[in-house]
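In: Pasting a predicted model and its sequence here:
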Amino acid sequence: MNKYSGKNVENKSLKLNMVLNAVKGIMSVIFPLISFPYVTRVLGVEGIGQFNFSYSVISYFLLIAALGISAYARREGSAIRKDKAKLSAFASQMFSLNLITTVIAYVLLFGLLAVSTSIRSYSNLILILSVMIILTTFGVEWVYMIFEDYMYITVRSIFFQALSLALLLIFVKSGDDLVRYTWITVISIAGSSILNFIHSFKYLNLRFTLKINAKKHFPPILVFWASTLAVTIYVNSDVTILGLLSGDTTVGIYSVSVKVYNVVKIILASVIVVTIPRLSAYAAENQMEKFIETAQDVYKTIITVTLPAVVGVCIFCKEIVYVLSGVEYFDAYSSLFLLSISLICYMLAYFWGQCILVPLHKEKISLLAAVISAVVNLGLNFVLIPLWDQDAAAFTTILGEGTAMIICMHYSRKIIKLPSVTSTVWKSCVGCAAVAVVTLLCQRIIESMLLRLAVGILISVLVYFAIQIVLKNDATYFVIKKIKKK
């Protein structure tokens, strides 16, 4: 057995993996915050709109090629990672199946470009971005998740993000460089995928085979694919429909608010994502008292950090848009205001779905919630976008996230009872009132939008958590206790 055996994996530090994953997540936020303000100003509203529309189209074909193989391979491969020969045979089947679905995805893409005149006008960007389909297949990211090689994943991710940023600043200088920007996006993925494929042979032997046990593998793969499909439709349909019904300028404006929304989501979700393995372990070991206690701490933490974030983004939506993207995108503030409200629904749906239902093996309910949310979002997008453009897309996101939240919460509470969080809610609301006062005063007193935003965020954070400490918010004391232990 080679040095990358399953035993070595089990001996890896879980805490180190958590730290590395957190670093990767933070850098995934920092690099876009540096590059996005530059790109929006250089490429302009229409350029950003064309790129994001093209990317939204490609995302559907990436989904067809992926077919839920990654999630299935990660789960099944983890169970046999101690046996290199068995894992290599399984991985080769997954890789080969992925190659077949990739060919199918390309056939369907070329067919769409042939029959759709509206899509064909973006063919130049779409064809460049389509290189990501084959690159993602050869990237075999699931191999590194099986072996929990977070050190490699983190270092590789940061290196290619830095390279992409450097290429962006060197080669993208005006709105005429949209094609260069698209190629740079692909190049960063190409480097990661090629390196991944070469490096994977240190773990196992990948080869192409037609001996695929479809009867065994296909049914669970399709379940994973259905869930991913629902989420992809839910996430990307608003951009795609905006592009088809409202044009590139509207997509460009909306892309700014979506970018901010996604960054805040990543930051908030990082607060709880590291607790999911622990909750899963407690559920598997039937330690329900510890499960409930941990879930309660997570729930209180979500409420404590999400409510002030929503209030801050709502009040500072104009300043955020102006500082990140400039006056050309100023109309994005209204859709950002609406999207910030949906953060509450997203975080609660995330908690009840990923922290409660999935660890308790009720992932089919999460799938149901994702499907219904996707249908609601997609249907309302077609109805409302012609009336209110990007604001309609943001509003349907609230309704979609709210639908997922209600479904996940309803079924979760039938399975498990958590103690009341009323005390945490009212303490957080008192802090939010103080945040609102501070931010509104900053808007009246400070003229510069950049300075107003910086000072407002700093003072709001200090005031909010000071109030939580005075009111003895359990979530705040939980965090302080953990810091003291460290």
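Out: Done, it's in.

In: and K173, what does it touch?
Out: When the contact criterion is C-beta atoms under 8 Å, 6 or more residues apart in numbering, the partners of K173 are V42. Just so you know, the C-beta spots here come from the backbone N, C-alpha and C atoms, and that holds for glycine as well.

In: Let me know the secondary structure of it.
Out: Three-state assignment for K173 (DSSP: H, G, I helix; E, B strand; the rest coil): coil.

In: do you know how far it is from V313?
Out: In this view, K173 and V313 are 32 Å apart by C-beta to C-beta, to the nearest Å.

In: same deal with A89?
Out: Distance from A89 to V313, by C-beta to C-beta: 49 Å.

In: ok, the two, which is more surrounded?
Out: V313 (20 against 17; other C-beta atoms under 10 Å).

In: those helices in the stretch 51-200 of the chain, which residues are they?
Out: For the stretch 51-200 of the chain, helices defined by DSSP state H, counting those that start in this stretch occupy the ranges 69-79, 84-115, 117-120, 123-129, 131-139, 141-146, 150-171, 178-200.

In: let me fix that: the stretch 301-450 of the chain
Out: Ranges of helices in the stretch 301-450 of the chain, per DSSP H, counting those that start in this stretch, are 317-325, 333-350, 363-415, 422-445, 449-470.

In: Of those, which is nearest L242?
Out: Nearest of the helices of the stretch 301-450 of the chain to L242, taken as C-beta to C-beta: helix 363-415 at 5.7 Å.

In: What's the local residue count around L453?
Out: 22.

In: thinking it is in contact with V321, fair?
Out: No: counting by C-beta atoms under 8 Å, L453 sits too far from V321 to count as a contact (10.4 Å).

In: how close does I64 get to S366?
Out: According to C-beta to C-beta, I64 and S366 sit 22 Å apart.

In: More neighbours: those two, which one.
Out: The neighbour count for I64 versus S366, taken as other C-beta under 10 Å, is higher for S366 (24 against 18).

In: show me the contacts for that one.
Out: Shown in contact with S366 (C-beta under 8 Å, 6+ apart): 227, 353-354, 357-358, 408.

In: Could you check the pLDDT of it?
Out: Note on S366: pLDDT of 81.

In: From S59, how far out is V179?
Out: Distance from V179 to S59, by C-beta to C-beta: 19 Å.

In: typed the wrong thing, it's S412
Out: When C-beta to C-beta is the yardstick, S412 and S59 sit 29 Å from each other.

In: got a list of what H217 touches?
Out: Contact analysis of H217 by C-beta under 8 Å, 6+ apart lists 72, 93-94, 97.

In: Greatest separation within those: which pair is it?
Out: Y72 and Q93 (10.9 Å).

In: before we move on, back to that, just give me the closest of the contacts of S366 to V264.
Out: Once C-beta to C-beta is applied, the member of the contacts of S366 that ends up nearest V264 is Q354, at 17.7 Å.

In: so where's the stretch 351-486 of the chain uncertain?
Out: By pLDDT under 70, the low-scoring segments of the stretch 351-486 of the chain are 477-486.

In: same thing but 50
Out: 483, 486 (pLDDT under 50).

In: ok, now the chain?
Out: Residues of the chain that meet the criterion pLDDT under 50 lie in 1-7, 9-15, 483, 486.

In: how many neighbours does the spatially closest residue to S70 that is not a sequence neighbour have?
Out: Once flanking residues are discounted, S70 sits nearest to W142: 4.5 Å by C-beta to C-beta, 6 or more residues apart in numbering. W142: 23 surrounding residues under other C-beta under 10 Å.

In: Could you do L165 as well?
Out: Based on other C-beta under 10 Å, the number of other residues close to L165 is 18.

In: contacting residues around the residue lying closest to it once chain neighbours are set aside?
Out: In space, and not counting its chain neighbours, L165 is closest to S35: 5.5 Å by C-beta to C-beta, 6+ apart. Going by C-beta under 8 Å, 6+ apart, S35 touches 164-165, 168.

In: Output the residues you listed as JSON lines; include the columns distance to T250.
Out: Listed next are the contacts of S35 as JSON lines, based on distance: C-beta to C-beta, whole Å:
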{"residue": "S164", "distance to T250": "27"}
{"residue": "L165", "distance to T250": "27"}
{"residue": "L168", "distance to T250": "24"}
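
In: ok, of those, which one's closest to G326?
Out: Nearest member of those to G326, counting by C-beta to C-beta, is L168, at 17.1 Å.

In: Return the residues in contact with the closest one.
Out: 35, 38-39, 181, 184.

In: Recalculate using a threshold of 7 Å.
Out: 35, 181, 184 (C-beta atoms under 7 Å, 6 or more residues apart in numbering).

In: if we take those, which one ends up nearest to K211?
Out: I184 (39.4 Å).

In: wait, doesn't the closest one sit right on L167?
Out: Yes: with contact defined as C-beta atoms under 7 Å, I184 reaches L167; the gap is 4.7 Å.

In: Show me which of those two is the more surrounded one.
Out: It is I184, of I184 and L167, that has more neighbours when counted by other C-beta under 10 Å, with 20 against 17.

In: So what's the residue count around V179?
Out: Counted with other C-beta under 10 Å, V179 comes out at 13.

In: how much space is there between it and V251?
Out: 18 Å.

In: ditto for R120
Out: R120 is 17 Å from V251, by C-beta to C-beta.

In: Looking at the two, which is more packed in?
Out: Neighbours around R120 and V251, counted as other C-beta under 10 Å, are more numerous at V251. The numbers are 30 against 13.

In: in the strand or helix carrying the more buried one, what counts as buried?
Out: Taking DSSP states H and E as the criterion, V251 maps to helix 248-273. By neighbour count on 16 or more other C-beta atoms under 10 Å, the buried set for helix 248-273 is 248-261, 263-265, 268-269, 271-273.

In: Also stretch 365-378?
Out: Those buried within stretch 365-378 under the rule 16+ other C-beta under 10 Å are 365-374, 376-378.

In: same for the helix holding V251, what does it pack against?
Out: Of the remaining helices and strands, those touching helix 248-273 by 3 or more C-beta pairs under 7 Å, 6 or more residues apart in numbering; DSSP states H and E are helix 14-66, helix 214-245, helix 288-315, helix 317-325, helix 333-350, helix 363-415.

In: quick one: that helix to helix 214-245, angle?
Out: Angle between the axes of helix 248-273 and helix 214-245 is 140 degrees (criterion: axes from the mean of the first three to the mean of the last three C-alpha atoms, to 10 degrees).

In: how far off helix 333-350 does helix 248-273 point, in degrees?
Out: In terms of direction (the same axes, to 10 degrees), helix 248-273 departs from helix 333-350 by 30 degrees.

In: just how off-centre is helix 248-273 within its chain?
Out: Using C-alpha atoms, centre = their mean, to the nearest Å, the mean C-alpha position of helix 248-273 is found 9 Å from that of the whole chain.

In: tell me the angle of that helix relative to helix 363-415?
Out: Going by the same axes, to 10 degrees, helix 248-273 makes 60 degrees with helix 363-415.

In: before we move on, the earlier item: how close does the residue nearest to L165 sit to L324?
Out: Distance from S35 to L324, by C-beta to C-beta: 11 Å.
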